[in-house]
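Engineer: generate a structure from the sequence data that follows.
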Amino acid sequence: MNTHSENQLFVGGEWRSARSTARIEVENPYARTLVGVAPDGSFDDVDAAVGAARAAFDHGPWPRMSAHERAGFLLRLADELERRGESTAGIVTDEVGQPIEFSRFVNIALPAQHLRYFAELIGDFPFEQRRSNVSGPGTSVVRLEPVGVAGLIAPWNYPQSILSAKLAPALAVGCTVVVKPAGETPLDALALAAAVEAVGFPPGVVNVVTGGRETGDALVNHPGVDKIAFTGSTAAGRIIARNCAERLIPVTLELGGKSAAIVAEDADIDVTLAALRAGAFMNSGQTCFLLSRVIVPRTRKDELLDGLVELARSFRLGDPRDPATDMGPLVSERIRTRVRTMVDDARSEGAQILTGGRDLPGERGYFYEPTIVAGVAADSQIAREEVFGPVVSVFEYDGIEDAIALANDSRYGLGGAVFSTDPAAALDVARAVQTGTIGVNGYAPDLATPFGGYKESGLGREQGTEVLYNYVHTKAINTSIGQSV
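Structural biologist: Next up, the predicted model:
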């Protein structure tokens with residue numbers, strides 16, 4: 001369905017040849033073959049995209065439409081993404097090795113859900129409120145106005161769904177956008193641009209510039225950009241935050257995690273293990289909110305360790321295009337080397353590798369076996385740093401306060417879970433954990449509730465009504481004394 005060539009970007013509502021001659025070659029991490037080629041956008045490419053978005057915001061119809069009119073575009077885009085979904089899901093599977101059944105969910109169903117949710121939500125959004133003055137007579141009008149041009153920088157691990165979680169609310173309130181996908185996943189972003197073109201958005205409302213880190217830097221530092229929304233590593237987030245602070249523009253950052261699952265003494269082990277199957281290993285462990293630290297009572301350590309080992313060995317690894325595959329390869333040799341090094345270092349420091357701990361024998365893809373690590377020192381790298389692979393570290397505790405302290409002994413605070421057959425007690429524990437999101441007897445962020453982190457896991461929130469405020473300015477219009485408007 002894509003009509004563009006490998007040297008084109010989507011700018012100003014049309015396909016334009018990239019000004020940069022540099023190209024990104026996308027490798028299939030399973031077959032280790034070339035998937036496709038996309039432009040590695042230069043400053044000039046970013047400048048053209050920002051200029052188109054700026055013109056569309058300053059002079060075009062998009063921010064001047066009614067919320068109902070914009071919602072109509074979002075709904076049509078959701079339908080178009082579903083029509084093209086099988087192709088897009090396949091592209092992502094080939095780009096990052098995501099199993100096709102999972103790819104269909106996170107790259108078709110979730111983006112469509114995001115667009116429809118915010119299309120509905122925007123109808124009741126309080127763009128303008130009238131308030132009675134307190135210091136004098138009359139009333140004032142409080143307006144929420146779109147912030148302007150938003151730069152949206154998405155990661156490779158969930159390229160369509162994380163992007164749509166930014167794109168939908170930004171468009172809903174009236175912003176125009178420049179999308180910069182990860183260097184690993186340019187092709188599916190260009191597929192999104194083709195869907196935007198098919199729907200007929202006004203020119204310049206959605207622009208897509210592919211590229212690597214320098215392309216992202218050009219977008220963050222461009223004087224025509226009014227807002228940045230970024231998902232990625234904490235290290236990159238720090239740089240972006242500094243640059244946005246220098247320019248005094250708003251930024252939201254969804255960064256790394258090292259989330260804890262606290263297993264209470266009375267937890268149902270079957271429920272716990274069923275939840276950890278996805279919660280601790282989702283997307284080959286390449287998930288920011290992964291429950292990678294499992295904190296277990298010493299009195300139940302053996303049965304939990306046995307269960308976790310059995311769970312890790314139950315995954316079927318293989319061709320991500322095969323619907324029967326549970327877990328695909330890691331995205332690159334660079335990521336696999338990082339995972340392998342962290343596990344090997346933990347082993348050399350005295351930790352026990354109960355299962356896994358090696359590349360998958362006989363497979364050419366960038367596989368790493370699901371791994372359970374016990375006896376981890378609390379100050380070791382694997383205990384404190386995000387692994388971003390299918391690796392779970394297990395910690396023991398003697399009392400629930402000790403468990404909470406272990407969970408909070410982290411510079412991150414993104415996700416988490418508490419497992420218990422006592423809902424009230426589990427809720428008390430959840431309240432005590434320093435994290436932006438947490439679940440009871442499982443973990444599954446919901447679109448209706450805010451998602452984001454404490455500490456080094458980021459700034460701001462996405463999802464829910466809260467995310468709409470990321471993309472607006474607040475204006476107060478005070479009426480004259482003794483008059484009303």
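Engineer: can you report how many residues lie near residue 431?
Structural biologist: In terms of burial, residue 431 registers 10 neighbours under the definition other CB atoms under 10 Å. In this view, the C-beta of every residue, glycine as well, is placed from N, C-alpha and C.
Engineer: which ones are touching it?
Structural biologist: Residue 431 sits next to no residue when contact means CB atoms under 8 Å, 6 or more residues apart in numbering.
Engineer: can you work out which other helices and strands pack against the helix or strand in which residue 172 is found?
Structural biologist: When secondary structure is defined by DSSP states H and E, residue 172 falls within helix 159-173. Other elements packing on helix 159-173 under the criterion 3 or more CB pairs under 8 Å, 6 or more residues apart in numbering; DSSP states H and E are helix 67-83, helix 85-96, helix 110-121, strand 149-153, strand 176-180, helix 186-199, strand 227-231.
Engineer: tabulate these (a markdown table), appending mean pLDDT, distance to residue 258 and mean neighbour count.
Structural biologist: What follows is the helices and strands packed on helix 159-173, written out as a markdown table (pLDDT from 0 to 100; distance: least, CB to CB, whole Å; neighbours: other CB atoms under 10 Å):
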| stretch | mean pLDDT | distance to residue 258 | mean neighbour count |
| --- | --- | --- | --- |
| helix 67-83 | 98 | 33 | 19 |
| helix 85-96 | 97 | 22 | 23 |
| helix 110-121 | 98 | 24 | 22 |
| strand 149-153 | 98 | 22 | 28 |
| strand 176-180 | 98 | 26 | 28 |
| helix 186-199 | 98 | 28 | 23 |
| strand 227-231 | 98 | 16 | 26 |
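Engineer: of these, which is nearest residue 168?
Structural biologist: Shortest distance between residue 168 and those, using CB to CB, is found for helix 110-121: 4.2 Å.
Engineer: ok, and what's touching that closest one?
Structural biologist: Looking at helix 110-121 with CB under 8 Å, 6+ apart, the contacting residues turn out to be 70-72, 74-75, 77-79, 81-82, 85, 160-161, 163-165, 167-169, 171-172, 447-448, 465, 468.
Engineer: can I see the domain layout of the protein?
Structural biologist: Following automatic domain parsing, the chain resolves into domains at 8-255+458-476, 260-448.
Engineer: please name the nearest non-neighbouring residue to residue 48.
Structural biologist: Counting by CB to CB, 6 or more residues apart in numbering, residue 48 lies nearest to residue 11, which is 5.2 Å off, once chain neighbours are set aside.
Engineer: which ones are touching that neighbour?
Structural biologist: Applying CB under 8 Å, 6+ apart to residue 11 gives the contacts 45, 48, 49, 52, 204, 207, 208, 209.
Engineer: let's see it at 6 Å
Structural biologist: The neighbourhood of residue 11, defined by CB atoms under 6 Å, 6 or more residues apart in numbering, consists of 48, 49, 52, 207.
Engineer: got it, and residue 459?
Structural biologist: Residue 459 makes contacts with residue 253, as judged by CB under 6 Å, 6+ apart.
Engineer: now do 7 Å
Structural biologist: Listed by CB atoms under 7 Å, 6 or more residues apart in numbering, the contact partners of residue 459 are 241, 251, 252, 253.
Engineer: so the first one: helix, strand or coil?
Structural biologist: For residue 241, the assignment made with DSSP: H, G, I helix; E, B strand; the rest coil gives helix.
Engineer: my guess is it meets residue 252, correct?
Structural biologist: No - Residue 241 is not in contact with residue 252 according to CB atoms under 7 Å; the separation is 10.1 Å.
Engineer: which one of these two is surrounded by more residues?
Structural biologist: Neighbour comparison, residue 241 and residue 252: the larger count goes to residue 252, with 22 against 18 (by other CB under 10 Å).
Engineer: didn't that one look like it was pressed against residue 237?
Structural biologist: No - under the criterion of CB under 7 Å, residue 252 lies out of contact with residue 237, with a separation of 10.0 Å.
Engineer: that older thread, show me the contacts of residue 459 that map onto strands.
Structural biologist: Of the contacts of residue 459, the ones assigned to strands by DSSP state E are 251, 252, 253.
Engineer: on that earlier part again, now render the helices and strands packed on helix 159-173 as CSV, adding distance to residue 136.
Structural biologist: As requested, the helices and strands packed on helix 159-173 are exported to CSV (distance: least, CB to CB, whole Å):
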stretch, distance to residue 136
helix 67-83, 32
helix 85-96, 56
helix 110-121, 35
strand 149-153, 37
strand 176-180, 38
helix 186-199, 48
strand 227-231, 34
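Engineer: who wins for proximity to residue 478 among the ones you listed?
Structural biologist: When these are compared for distance to residue 478 using CB to CB, the nearest one is helix 67-83, at 24.9 Å.
Engineer: quick one: the closest one to helix 110-121, angle?
Structural biologist: 160 degrees (axes from the mean of the first three to the mean of the last three CA atoms, to 10 degrees).
Engineer: which secondary structure elements does helix 67-83 contact?
Structural biologist: When contacts are defined as 3 or more CB pairs under 7 Å, 6 or more residues apart in numbering; DSSP states H and E, helix 67-83 packs onto helix 110-121, helix 159-173, helix 186-199.
Engineer: can I get that helix in PDB, CA atoms only?
Structural biologist: The C-alpha coordinates for helix 67-83 follow below in PDB (Å, rounded to 0.1, in the frame of the first residue of the first chain):
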ATOM      1  CA  ALA A  67     -13.000  19.400  18.400                       C
ATOM      2  CA  HIS A  68     -15.700  17.400  16.600                       C
ATOM      3  CA  GLU A  69     -14.100  18.000  13.200                       C
ATOM      4  CA  ARG A  70     -10.700  16.900  14.400                       C
ATOM      5  CA  ALA A  71     -12.200  13.900  16.100                       C
ATOM      6  CA  GLY A  72     -13.600  12.900  12.700                       C
ATOM      7  CA  PHE A  73     -10.100  12.800  11.200                       C
ATOM      8  CA  LEU A  74      -8.800  10.700  14.200                       C
ATOM      9  CA  LEU A  75     -11.700   8.200  13.700                       C
ATOM     10  CA  ARG A  76     -11.000   7.900  10.000                       C
ATOM     11  CA  LEU A  77      -7.300   7.500  10.700                       C
ATOM     12  CA  ALA A  78      -8.100   4.600  13.100                       C
ATOM     13  CA  ASP A  79     -10.200   2.900  10.400                       C
ATOM     14  CA  GLU A  80      -7.400   3.400   7.800                       C
ATOM     15  CA  LEU A  81      -4.700   2.000  10.200                       C
ATOM     16  CA  GLU A  82      -6.900  -1.100  10.700                       C
ATOM     17  CA  ARG A  83      -7.300  -1.500   6.900                       C
END
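Engineer: cheers, nothing more for now.
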